[in-house]
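K.L.:
Need a 3D model of the following:
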Amino acid sequence: MTVVSRAPLTTTSRSSRCDHRRPQPPKEPRSSRGRQASGKGLRLYAQAVLLIVVMTLPRSASAWTYPEHRDIAQAAIVALPPEERAALDQLWSEARANYTASACPTLAAGEQGLDPPCLDFAAWPALAGDHSCSSRDLAVDVVPGPWVLAVAKVAAETKAELASATSREQKINRIAASNMHLQGADPDYAGRAGSNIGHFLLPRNTDDPTVYVRTAIRAGAPVNALGLYVQYHLAALAAAQLLASSPPDNPQQKAFEARRVFALEAFALHWLEDMFAAGHVVGTWGSVAWRMGTHDYYNEFGFDGSRWNGEPIVLFGDSNMRAADLERASKLVSASLAQVARALTPGDPLGVASATFGLGPEGAYVFNVCVELKQPASTDGVNPIIIAEMRDLVRSTPIPGRGEGDVHLPRFRDELGPFVGIFGSAAGGVAWGGLVSSDARPSAALAAGLRLGFGAENLTGTPGTATAFIEGGIQMATAEVNQCTEADCQLIGTSNLFPAVPSRTGLRLGLRLPFWLIPGDTLLLAPILALVSPRALASVGVAAASGGLIPYERTMLTSFGTFQFIIGREVHATLFGVLGKPSVPLYIAPIGTKPDGSPEYGVVAQKSILLGFPVVEWTPFRAFATQVTFATAVQLGFGVELPLSTKVEYPADKASPSAPVSWGVFMRGEFDARYFLGAREDLQRSNH
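P.N.:
The predicted model follows:
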C-alpha cells in the first residue's frame, strides 16, 4: 500500500503569514522549568502528590534508552551520502558559533567512553522528548545546561553496564539504577516523562496508510509519534529552506537559525525512532497500567509484525535493541536527515512546499510536548510534493496495532494501581524481658488479614521498592515458656502451666511506605513540598520510590529471588488485650515481696502493643498474572513490646507491678496475594 496524492493528509488550514517571518534569537537562555511551570503546574502538582503518597514513579514510556537513541542517530549520520553529509557538517559548524562549549565539533563523535566531554548532534534526538519539552527548550536550555553532560555520562555508563549484563535479573537491576541516576542528573526527568504520551503510535482503524497518516496528523488528534514527526520534520525543512534562501547577515542570527533547524529535526527524529520500538507499535491504547504492561512486554520479548509495504519484521524495544532494529530505524533517520540537507539548497522543492504546512518553524519550535495532549493545527490540501516524499517513509514504518474495541494482540498489565489483598504469616524467634522473666525464651505467632494499597512495582524497575499498603488482621501468639529453675518451679508449678507469656490473640495493624531519608518523612514532606516546590516533590518521590536518597533499600533481583532492606519501610503493630475482656492476657507474675523476702505471685492482666520492624526481606517466589500477584517472602527483623496497662486481678487489693519492656528477634514466612482493581482490557471484545 502507498500514500496516494488524491487523499489529503491534513484537515485544517493555517495562514502562511509566518513563512517569511524571521525569528529573533533569545537574548539569554531562560529556564525551561520556569516556562513550563505555568502550563503544567496543576498536573505536575497532582502527579507529584500522588507519587509521594503512594510512591508511583511516572516513568517515561521510553521507546529507546538514551544510548540507543544516540546509536540510531549516529549510524544514520555515518550512512549519509557525502554531499548531504557535507551540507549538514557545514550547518553544524555554523550552529556551533557562539554556542556552548559542550557541543562537539562533529555531528557524530563516535564512542566517547564513560564520560563524554561534549554532545554531538547524534545525542540531540536522545535528549528530545525525554529530557526536553520543546525544540526551543532543547537548543536554548538543555544542551547549554550545566547538567546535560551528567545525563550523557549516566547514559554511557548504562550502555556499558547493560552490555556486560549476563542475566535478565542483572539487566533489570541496572535499568532501575539508571532511571534513578537519570533523575539525579536531571531533576525534571520524572515530571517531564510522566506527562508525555507522544511516544506511542496512534492505534489504527484502517489498512490504508494514507488514511492513517491523515488521522495521525489531524488537528485535535491525540499527540502521537507519527503526527509529531511530520510536524517537526516539515518545520525543520521549512526552517532550512528559509536559512538557505534568505541567509541573515548577522552571524549570531545565522547561528541561531542553524541551531533551530537541528533542534526541530532532533525532535522529529526522536519520534521517528520511537516508531520502531515494539511496545510503541502494540501498546498504543488503554489505561496506564495496561498500556505500560503491554509496552514493557513487547519491548522485551519482541513483536512479529510487518511494515506498511508488507515486509515482515520482528521488533524489540527499550533496552533490548538488536542489530536489525538499529539498521531499520537508522535507515529512515538517514533518509530524513538527507531531506534536511537537500532543503539547505535554495529552491529545494520539498523545502519550499514545507513552508505552508502545519505550525511552521516558529510554531513547532515552541510546541511543548510535555503540556500539549492534542496534535497541533495542520493544513488542508497538502502539497503533492510532500505526499510524494512522505510516501516511501510511511511505507517503511511498522503497522501499529489496532485500538480499543477492535481486534488486538494479547495485552498485559503492569503492577500499577490500587489493590486489595490478603496475607498470612508464621513467625518464630526469641524474646526476652517483660513482666515475668528477663530470660530468653522461644516465641512463635500466626497472623492473617487484609491489605489495601497501591502498587508501582514495575515503574521503578524492580518489584517491591515502590509498594505502599496498610493492613489489618489477627495475630495469634503461642505461649512463651521459660525453663524454670528448681526454686521457681516449687513456687509456681511447672513452666508449661505458667509460662512467662501466655498464649494470646491480638489486633494486627501494619503499614508499608517508602521514605526519602528517614522513615515516615514522606508524610511530612508531601504537603510542604506540594506548596513550595512540586518539582522538588517529584524528585523526592522518585528517590523514595527507588530506594531512598541513599538507595540501599532498592530491591535487587537475583536468580534466587529478590532481596531488599526494608527497615523503616514496613512496621506492624499487634494490640493485645483490646478485643474484649476475654482476650486480655493473664500472667502469673511477681507482684511484690513476702515478709520472708521471697517473691509474691499474683494474677496480672496486661494490655500491650507489640511492634515489629522487618529489616531484610527475601522473596524467593513471586508471580503476576493479569491482575493478581502472589508472592512468598521471608523476613528477618526485631520487635519491641510496650505495656499499655497493667492490673493485678488477684489478689484484688494489690498495686500494679512495674511493667518492663520486652524485646525479640524473629524470622517470618509470609504469603501475600493482591488483586489489582480495574477493568480486564485483555478480555475486551471487538465491536466488529
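K.L.:
mind listing the strands for the stretch 551-688 of the chain?
P.N.:
Listed in chain order, the strands found in the stretch 551-688 of the chain under DSSP state E, counting those that start in this stretch are 556-558, 561-565, 570-576, 586-593, 599-625, 628-650, 662-676.
K.L.:
Let me know which of those is tucked in deepest.
P.N.:
Among these, ranked by average contacts under mean count of other C-beta atoms under 10 Å, first place goes to strand 570-576 (a mean of 21). In short, each C-beta sits where N, CA and C put it, glycine included.
K.L.:
okay if I get the strands of the stretch 551-688 of the chain as a markdown table plus distance to residue 221 and mean pLDDT?
P.N.:
Below are those laid out as a markdown table (distance: least, C-beta to C-beta, whole Å; pLDDT from 0 to 100):
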| stretch | distance to residue 221 | mean pLDDT |
| --- | --- | --- |
| strand 556-558 | 39 | 86 |
| strand 561-565 | 41 | 92 |
| strand 570-576 | 45 | 97 |
| strand 586-593 | 72 | 88 |
| strand 599-625 | 33 | 93 |
| strand 628-650 | 35 | 95 |
| strand 662-676 | 30 | 97 |
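K.L.:
if we compare those strands, which one ends up closest to residue 531?
P.N.:
Ranking these by their distance to residue 531 (criterion: C-beta to C-beta) puts strand 570-576 first, at 27.8 Å.
K.L.:
quick one: low-confidence ranges for the stretch 151-300 of the chain?
P.N.:
Within the stretch 151-300 of the chain, the set of residues satisfying pLDDT under 70 comprises 190-196.
K.L.:
If you tally nearby residues, what's the number for residue 268?
P.N.:
28 (other C-beta atoms under 10 Å).
K.L.:
got a list of what it touches?
P.N.:
Shown here is residue 268, whose contacts under the criterion C-beta atoms under 8 Å, 6 or more residues apart in numbering are 228, 229, 231, 232, 233, 235, 236, 336.
K.L.:
which ones are touching residue 607?
P.N.:
Residues counted as contacts of residue 607 (C-beta under 8 Å, 6+ apart) are 575, 576, 577, 578, 584, 643, 644, 645, 646.
K.L.:
for residue 308, that is, sorry about that
P.N.:
Remark: with contacts taken as C-beta under 8 Å, 6+ apart, residue 308 is in contact with 1, 209, 394, 395, 396, 397, 398, 399.
K.L.:
same question, residue 352
P.N.:
Residues touching residue 352, when contacts are defined by C-beta under 8 Å, 6+ apart, comprise residue 241.
K.L.:
next structured bit after the helix or strand encompassing residue 390?
P.N.:
Applying DSSP states H and E as the criterion places residue 390 in helix 384-395. Next helix or strand after helix 384-395 toward the C-terminus (DSSP H and E): strand 416-433.
K.L.:
I'd like to know which elements the helix or strand following that following strand is packed against.
P.N.:
Note on strand 416-433: by DSSP H and E, the next helix or strand toward the C-terminus is strand 441-456. Counting contacts by 3 or more C-beta pairs under 8 Å, 6 or more residues apart in numbering; DSSP states H and E, strand 441-456 is packed against helix 32-54, strand 416-433, strand 468-477, strand 504-512, strand 662-676.
K.L.:
Ranked by average pLDDT, which of these falls at the bottom?
P.N.:
Set side by side, those show their lowest mean pLDDT on helix 32-54, which sits at a mean of 43.
K.L.:
Which SSE is immediately downstream of that helix?
P.N.:
Toward the C-terminal end, the helix or strand that comes next after helix 32-54 (DSSP H and E) is helix 66-78.
K.L.:
Quick one: distance of the following helix or strand past that following helix to the chain centre.
P.N.:
Secondary structure here is assigned by DSSP H and E; on that basis, the next helix or strand after helix 66-78 toward the C-terminus is helix 82-95. For helix 82-95, the distance between its averaged C-alpha position and the chain's averaged C-alpha position is 37 Å (C-alpha atoms, centre = their mean, to the nearest Å).
K.L.:
So what touches the next helix-or-strand element following helix 82-95?
P.N.:
Downstream of helix 82-95, the first helix or strand assigned by DSSP H and E is helix 124-127. Residues external to helix 124-127 that are found in contact with it (C-beta under 8 Å, 6+ apart): 66-67, 69-70, 72-73, 119, 138, 142-143, 148, 151, 155, 262-263, 266-267, 269-270, 273, 333.
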